[in-house]
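*Asks:* Below are the sequence and a predicted model for it; my questions follow.
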Amino acid sequence: MKLIEITAAVVLAATAASAFAEQPRPAGVTQADETAIRSIVADLEADAPNPHVSAKLDWENAFGIRYFDLKKRDAFYGAVVKPQFKTATATTLETRVQFVTPSVAVTDTYWHVVGQVYAGETKPGPDRWGRTTYIFEKDNGAWTEVIERVADLRLPYYKHLDAMPVAAAIPPSTLSAYAGHYKGSSRDADVAVTGDHLTITTKRGPLIAIPQSQTDFLVFFGPDDTAEYYKVRFSAKDGVTRFTLSEAWGEKLGVLEKQP
């Protein structure tokens, strides 16, 4: 397959990513295909050599440095990039494999790096959260990486969801105890019971709060929108019920108290 054909297939998948994530694998794709791709990616994430990388790999890092030759990329990586990670810790947080066609696959890995020392610096830089996208082509029964893109995320990583989570089974009396009007330093909210979950209404409108435990909820903008969400944790102290609102990655946004 020509590079332009691979790129066109990947762009087509990206424009309908949420719908594609729910699609079954294309005919002819098996679990063995996914296992093979994940094995290659595991080596690449661990900086281990793997023969299933194209000699004409199209590679670009988060700073826009781009190579179309694996040997040149490896030389640059060994001389410039690898020394920056000598004392760093890199953790793979999530790996997602999507098959665009039976012979083209896209894999995204989300990662967190702590302690990277940039060239010319002596102290570690700030933590990095990022995503590496690997594009594979299958030829003669074998998968080969042909394109790789590295991107820094502007916000810390949080788990990606393809569908609304299942509501944890908690007593109706617990849900009812959370209902009421809440006030915070910069926001108000009304909490109401809606079946097996809560509806939290703010200036942005009604939000769906799905219980994950008796105190922890994931909060969504709508039943078909899982791309972005918040976290809410209820607690009680001195007879006052409160909830803490946080971003999906854990950054606290505020505490609201239930009003009498």
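*Replies:* Sure thing, it's come through. From a predicted model like this one, the values you see are computed outputs, not experimental measurements.
*Asks:* Please count neighbours and contacts with C-alpha atoms only from this point.
*Replies:* Noted.
*Asks:* Show me what the longest helix along the chain packs onto, helices and strands only.
*Replies:* Scanning the chain for the helix with the most residues, using DSSP state H, yields helix 31-45. Helices and strands touching helix 31-45, by 3 or more Cα pairs under 8 Å, 6 or more residues apart in numbering; DSSP states H and E, are strand 89-101, strand 142-152.
*Asks:* gap between Glu121 and Gly115?
*Replies:* 12 Å (Cα to Cα, to the nearest Å).
*Asks:* Which stretches in the stretch 151-260 of the chain count as helices?
*Replies:* Ranges of helices in the stretch 151-260 of the chain, per DSSP state H, counting those that start in this stretch, are 172-178.
*Asks:* Show me the strands in it, by range?
*Replies:* For the stretch 151-260 of the chain, applying DSSP state E, counting those that start in this stretch gives strands covering 180-183, 188-194, 197-202, 205-211, 216-222, 225-237, 240-247, 252-258.
*Asks:* Who does Arg233 form a beta bridge with?
*Replies:* Asp216, Thr244 (DSSP bridges).
*Asks:* How far off centre is the longest helix of the chain?
*Replies:* 18 Å (Cα atoms, centre = their mean, to the nearest Å).
*Asks:* who's in contact with that helix?
*Replies:* 49-50, 52, 92, 97, 134, 136, 143 (Cα atoms under 8 Å, 6 or more residues apart in numbering).
*Asks:* thinking again about what came up before, right, and the helices and strands packed on helix 31-45 - which one's nearest Phe63?
*Replies:* Distance to Phe63, taken as Cα to Cα, is lowest for strand 142-152 among the helices and strands packed on helix 31-45, at 8.3 Å.
*Asks:* follow-up on the earlier one: need the winner for burial among the helices and strands packed on helix 31-45.
*Replies:* Using mean count of other Cα atoms under 10 Å, the stretch among these with the greatest mean number of neighbours is strand 142-152 (a mean of 20).
*Asks:* Give me the residue ranges of this protein where confidence is low.
*Replies:* For the chain, the stretches flagged by pLDDT under 70 are 1-23.
*Asks:* how is it carved up into domains?
*Replies:* Domain assignment for the chain by automatic domain parsing gives 3-152, 172-258.
*Asks:* do you know which of those lies nearest Leu161?
*Replies:* Of all the domains of the chain, domain 172-258 comes closest under Cα to Cα, at 6.0 Å.
*Asks:* re earlier: the contacts of helix 31-45 into JSON lines, with extra columns for distance to Gln214?
*Replies:* Shown next, in JSON lines, are the contacts of helix 31-45 (distance: Cα to Cα, whole Å):
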{"residue": "Pro49", "distance to Gln214": "47"}
{"residue": "Asn50", "distance to Gln214": "46"}
{"residue": "His52", "distance to Gln214": "47"}
{"residue": "Thr92", "distance to Gln214": "30"}
{"residue": "Val97", "distance to Gln214": "33"}
{"residue": "Tyr134", "distance to Gln214": "39"}
{"residue": "Phe136", "distance to Gln214": "43"}
{"residue": "Trp143", "distance to Gln214": "45"}
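*Asks:* any idea which of the residues you listed is closest to Leu218?
*Replies:* Thr92 (23.2 Å).
*Asks:* So for that closest one, what's the nearest residue that isn't a sequence neighbour?
*Replies:* Trp111 (4.4 Å; Cα to Cα, 6 or more residues apart in numbering).
*Asks:* Neighbour count for Glu121 and Gly115, which is higher?
*Replies:* For Glu121 versus Gly115, the count of surrounding residues by other Cα atoms under 10 Å is larger for Gly115: 18 against 10.
*Asks:* Surely Thr92 and Val114 touch.
*Replies:* No: using Cα atoms under 8 Å, Thr92 is not in contact with Val114, being 11.9 Å away.
*Asks:* so which of the domains of the chain comes closest to Tyr158?
*Replies:* domain 172-258 (4.9 Å).
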